[in-house]
Structures are given as structure tokens and as C-alpha cells.
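Participant: Next comes the sequence, and after it the predicted model I'd like to discuss.
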Amino acid sequence: MPDKGEKNKAQKIRDSLPSERLVYAPAVQQALEEGRAVVALESTIIAHGMPYPQNLETARKVEAAVAEEGAVPATIAILQGRIHLGLEPEQLHYLATAPQVEKASRRDIPLLLARRQDAATTVAATMIAAALGGIAVFATGGIGGVHRGAAQSFDISADLQELARTNVAVVSAGAKAILDLALTLEYLETLGVPVIGYQTDEFPAFYSRESGLPVPARMDTPRDIACCLAAKWQLGLQGGVLIANPIPQAHSIPPKQIEAAIEKALEEAQAANVRGKALTPFLLGRIARLTQNHSLFSNIELVLNNARLAARIARAFANLPESTTAR
């Protein structure tokens, strides 16, 4: 057990965090102070998920989509060892073009801050930053999960553990299609994470609307989802909620078509011994080439779709009575 002095030191570090470690963009800070809707956005999709210039164009479009729905976008990244909640245009451009931006999950954050490095935030790291900054809703493309072959590799994304411990709602097009979706849902159940299908009874498969897997619960309005978030956190049930939002039909790729590309990309990754943090960017890049960029365009559209829904949920949550939204 730590002694009293150690506890006091830890508390001092925690108390100093907002001023020394967090940097709020003015619009984000003002919105939070006024109790208006804010949507957190990850930056890994900018630095590691798409090629330039699509990554920068997508980042700008996603922020615009959030703003058009009446919420304030807060793209999150670590720059020079400080967690930024909301980025300026030149910072977005830097993330989209810099060759040596790290990829940050939970375990990396203290190292990056101590070394004053730059990093794009994964789903897990973005959730942590959003929770520290008082942001309840986060939009991404797809979460990480249980990788295919995890029984041998033990490759399970930290995103799932973060959903179990951090009070942030995550809007995504399900989990990335390169994963074992059935095992990902099983693991989320084990962790006690609510999974809500937005206007769907089927868990979406990222590029495709269909996976053949049922969602545990369905909700059809942003307000219903906001009420669920309020009920969970008011009861002191720690952890997030996954809102599974299917890609629009016009941009959905038939499951058989995308599965063929995924299988080929997985074979190439195994042959090249690609694993760990490098695996997902490698697979997404190969799938884009194998589908002649169809998957890339679908990725962009699903992120925009998720950003719009996240903004509507954030607005609904902000409009609930204050006594019901304590986190």
C-alpha cells in the first residue's frame, strides 16, 4: 500500500493534469463551459489509417459534418507531449503529412508525454483523453477487437478493455471487418459493455451493413441512446457504450467481395510477418489496393455517417436534465 505522502503526491499530479497536460482548442473549451455538445474525434485515421491527401480531406469533412449537426468537433492528438482536445488547421495538416508520428494507445500515453513526442490517438487513447476533458461522445470509423487467430496470437485490441473502463460513448460502424466479429461481440459481453445497434438488428461489419450477427439491443433515436448513457453513468456503472451505426447502403460493399480482399491481405501479412501495431494499417492499405480503393471510399463515408450520428447523440445528451447526466 502506498503511504500517505505517496498518495498526496499522486493527487497533486492528477490535480495538475488539466493545466499542464491538456490543451483545449478555444471553441472546445467554450462549448464545454457552456454545456454544449462536443464530439471527440480520433487522429489515428489521419496519421495511419488513410493515405495523403484523402486523410486530410476526410479529417476536415468529418469536423465539418459534426459542426453541421450542431456540435463542436474535438479532434484529439498528442503534440509535443501534451494532449490536445481540438486541433488547429496547421496541426491537422502536420498529422496528415509528418512521417514519424507515433500511434498511441493506453500504454503509450505516459511515455509519449514524458518524452514530449507527437502521436495520433487510437480509439482507446481518444477515449481516455475525451474522458479527461469532459467529452461524453466520440465518433470513429470502427473499433479494434479480437483478431482472427487470437486463440494462438492473443491479439486483442486495447479498445475493448477501454470500453469496459472509460465513460465515453463510441459511435462506430461496428468493429473493423478484418477482425473476428463474433468473438469481439462475445468479449464485449464478458466485459459488460452495452452494444446498441442504431436503427438495425444486425451488427454492422464496417464496410458492409450485414455480418449475420445480431446486436444485443436496438435503439432508433439519438435521444433514446442519450437516455441510456445517462442511466448507465448515473448508476455508477463504469465504462463506455458501443453504438453500432451501419454504413449507408449506397456505400456498403457486399460481404463476399470484401471478405475475399481481407483473406488475401491476411495471407500477405502473415507471409511478411506483419504484426502488432503495424498489422491494421498494413491490412487496410492492402485491402484498399485489392478493391481498387472502393474500401477507402467506403471508409470515408462510414466515418462521416458516424460523425453525424455522434453529433446528434451529443446534442441529445447535452439537452437532458443536468441531474441525469453525471459521469
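Facilitator: That came in fine, so what should we check first?
Participant: Quick check: Lys61 touching Glu301?
Facilitator: No: counting by Cβ atoms under 8 Å, Glu301 is not a contact partner of Lys61; they are 9.9 Å apart. In short, each C-beta sits where N, CA and C put it, glycine included.
Participant: Looking at the two now, which is surrounded by more residues?
Facilitator: Between Lys61 and Glu301, Glu301 has the larger neighbour count (other Cβ atoms under 10 Å), namely 19 against 15.
Participant: how close does the more buried one get to Ala131?
Facilitator: 28 Å (Cβ to Cβ, to the nearest Å).
Participant: what bits of this protein have low per-residue confidence?
Facilitator: 1-19, 323-326 (pLDDT under 70).
Participant: Name the residue closest to the centre of it, please.
Facilitator: Val123 (3.5 Å; Cα atoms, centre = their mean).
Participant: ok, and the closest non-adjacent residue to that one?
Facilitator: In space, and not counting its chain neighbours, Val123 is closest to Asp159: 4.2 Å by Cβ to Cβ, 6 or more residues apart in numbering.
Participant: quick one, helices of this protein?
Facilitator: Along the chain, the stretches classed as helices by DSSP state H are 4-20, 26-33, 44, 54-68, 89-97, 109-115, 123-133, 150-153, 158-165, 181-191, 222-234, 255-271, 279-290, 294-318.
Participant: Tell me which of those lies nearest to Glu210.
Facilitator: The closest of the helices of the chain to Glu210 is helix 255-271. By Cβ to Cβ, the value is 5.9 Å.
Participant: And the closest one, what does it pack against?
Facilitator: helix 279-290 (3 or more Cβ pairs under 8 Å, 6 or more residues apart in numbering; DSSP states H and E).
Participant: What is the helix it packs on packed up against?
Facilitator: Using 3+ Cβ pairs under 8 Å, 6+ apart, helix 279-290 sits against helix 255-271, helix 294-318.
Participant: Go ahead and confirm the residue nearest to the centre of the chain touches Gly144.
Facilitator: Yes: Val123 lies in contact with Gly144 (Cβ under 8 Å); the separation is 6.2 Å.
Participant: how much space between the closest residue to Lys232 other than its chain neighbours and Leu22?
Facilitator: Residue nearest to Lys232 in three dimensions, not counting chain neighbours: Val241, with 6.5 Å by Cβ to Cβ, 6+ apart. Noted for Val241: a distance of 24 Å to Leu22, by Cβ to Cβ.
Participant: likewise Glu68?
Facilitator: Using Cβ to Cβ, we find Glu68 at a distance of 27 Å from Leu22.
Participant: Have a look at those two and say which one is more surrounded.
Facilitator: Each of Glu68 and Leu22 has its neighbours counted (other Cβ under 10 Å); Leu22 has more, 16 against 11.
Participant: who's in contact with the more buried one?
Facilitator: For Leu22, the contact set (Cβ atoms under 8 Å, 6 or more residues apart in numbering) comprises 82-83, 85, 129, 132-133.
Participant: Of the residues you listed, which is the nearest to Ala175?
Facilitator: Looking across these and measuring by Cβ to Cβ, the closest to Ala175 is Ala129, at 21.0 Å.
Participant: got a list of what that closest one touches?
Facilitator: So Ala129 contacts 22, 40, 76, 83, 85, 121 (Cβ under 8 Å, 6+ apart).
Participant: Name the nearest of the residues you listed relative to Asn306.
Facilitator: Closest to Asn306, out of all of the contacts of Ala129 and judged by Cβ to Cβ, is Ala40, at 11.9 Å.
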